[in-house]
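Student: can you look at this prediction? I've put the sequence above it.
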Amino acid sequence: MILSVSDIDFTYDNSPVLSDVDFQLANGELLAILGPNGVGKTTLLKCINAIHRPDSGVVMVEERDVLTMRPDEIALCVGYVAQKTETARLTVFDAILMGRKPHIRWKTSKQDLKIVDSAIQRLGLNALLMRYLDQLSGGELQKVAIARAMVQEPRLLLLDEPTSSLDLKSQIDILGMLRQVVSEHCIGAAMTMHDLNLALRYADKVLFLKDGAIHFIGSTDSVTSEVIEDVYGLPVSMHIVQGHPMVVPAA
């Protein structure tokens, strides 16, 4: 088991945000975390990564308690891609190379550069390597952030709305690449999303949050229109299109 989250509670300004969140993620699984705005999806990712400290509960990544680890130790096993990446006067190449920082001891090795080059090729960033981050579009910046997390070689990858700034083709490319990386390297990945159809197409399992608690968790083929209506308060119908489930809101 790559990730085990047990009984997580989190309160912000005396208001409960997460309550009794409990789930597991196996090696080779891609999890989509879904739910309305403000339900606690990003907060959950930050609790898993110890950016936020839960009021109670345990987060285990491959038998190690994340909440007791130092930030540099967490960076060796957990990669995190935030919803928004801060720009800086830093080249794309240098920004991606920074993802290797937890592994670099004295100087950058040939192996470090090989890993960086592999991520650059996967995300098609060759043409941008000498561009500065503050010259990039939102979609380009998102790809750089994903590449930087990938070169950490994490056992668990956390992504907060990884496709939110991307055009349709880039969304498909990124999610297909994530699906391939998770399967090939037998790691775990959890991503927050708003697009139900993309989530059902690429994830192995989905977790729906409602009122800060887990309303449903299961495989993508076990999701029903009733579950979605309960979570979003919107009637929908579900259809199979080219072998994939598709959610259609009621007229």
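Tutor: Yes, it's here.
Student: CA-only coordinates of the longest helix anywhere in the chain, as PDB, when you get a sec.
Tutor: Secondary structure of the chain per DSSP state H: the longest helix is helix 168-185. Provided in PDB are the C-alpha atoms of helix 168-185 (Å, rounded to 0.1, in the frame of the first residue of the first chain):
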ATOM      1  CA  LEU A 168      -8.000  20.200 -24.400                       C
ATOM      2  CA  LYS A 169      -5.100  18.400 -26.200                       C
ATOM      3  CA  SER A 170      -2.700  19.300 -23.300                       C
ATOM      4  CA  GLN A 171      -5.200  17.900 -20.800                       C
ATOM      5  CA  ILE A 172      -5.400  14.600 -22.600                       C
ATOM      6  CA  ASP A 173      -1.600  14.500 -23.000                       C
ATOM      7  CA  ILE A 174      -0.900  15.300 -19.400                       C
ATOM      8  CA  LEU A 175      -3.400  12.800 -18.000                       C
ATOM      9  CA  GLY A 176      -2.300  10.100 -20.400                       C
ATOM     10  CA  MET A 177       1.300  10.700 -19.300                       C
ATOM     11  CA  LEU A 178       0.400  10.600 -15.600                       C
ATOM     12  CA  ARG A 179      -1.600   7.400 -16.200                       C
ATOM     13  CA  GLN A 180       1.500   5.900 -17.900                       C
ATOM     14  CA  VAL A 181       4.000   7.000 -15.300                       C
ATOM     15  CA  VAL A 182       1.900   5.700 -12.400                       C
ATOM     16  CA  SER A 183       1.500   2.300 -14.100                       C
ATOM     17  CA  GLU A 184       5.100   2.000 -15.300                       C
ATOM     18  CA  HIS A 185       6.800   3.000 -12.000                       C
END
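Student: so what are the sheet partners of the helix or strand following it and their directions?
Tutor: The first helix or strand that comes after helix 168-185 along the chain, using DSSP states H and E, is strand 188-192. Using DSSP bridges, strand 188-192 pairs in its sheet with strand 30-34 (parallel), strand 156-160 (parallel).
Student: so what's the gap between the last one and the chain middle?
Tutor: What it means is strand 156-160. From the chain centre to the centre of strand 156-160 is a distance of 3 Å (Cα atoms, centre = their mean, to the nearest Å).
Student: what's near enough to touch Arg131?
Tutor: Taking Cβ atoms under 8 Å, 6 or more residues apart in numbering, we find Arg131 in contact with Thr91, Val92. No exception for glycine: its C-beta is placed from N, CA and C like everyone else's.
Student: for the remainder of this discussion, apply numbering that starts at 893.
Tutor: Renumbered: residue one is now 893, and that last one reads Arg1023.
Student: and the gap between it and Tyr1124?
Tutor: To Tyr1124, Arg1023 is 39 Å away according to Cβ to Cβ, to the nearest Å.
Student: contacting residues for the residue most central in space within the chain?
Tutor: Computing the C-alpha centroid of the chain and ranking residues by Cα atoms, centre = their mean puts Leu1051 first, at 2.0 Å. Contact partners of Leu1051, counting by Cβ under 8 Å, 6+ apart, are Tyr972, Val973, Ile1038, Ala1041, Leu1070, Ala1081, Ala1082, Met1083, Thr1084.
Student: can you pull the pLDDT of Arg1047?
Tutor: As predicted, Arg1047 sits at a pLDDT of 93.
Student: what about it, neighbour count?
Tutor: Using other Cβ atoms under 10 Å, the number of residues around Arg1047 comes to 19.
Student: find the nearest non-adjacent residue to it, please.
Tutor: Once flanking residues are discounted, Arg1047 sits nearest to Cys969: 4.8 Å by Cβ to Cβ, 6 or more residues apart in numbering.
Student: and the helices in this protein?
Tutor: Under DSSP H, the chain gives helices at 933-940, 963-969, 984-989, 1002-1015, 1030-1042, 1060-1077, 1088-1094, 1117-1124.
Student: and those as CSV, adding distance to Asp899 and mean pLDDT?
Tutor: Output for these, formatted as CSV (distance: least, Cβ to Cβ, whole Å; pLDDT from 0 to 100):
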stretch, distance to Asp899, mean pLDDT
helix 933-940, 12, 96
helix 963-969, 20, 90
helix 984-989, 37, 93
helix 1002-1015, 35, 91
helix 1030-1042, 27, 89
helix 1060-1077, 26, 90
helix 1088-1094, 25, 95
helix 1117-1124, 22, 96
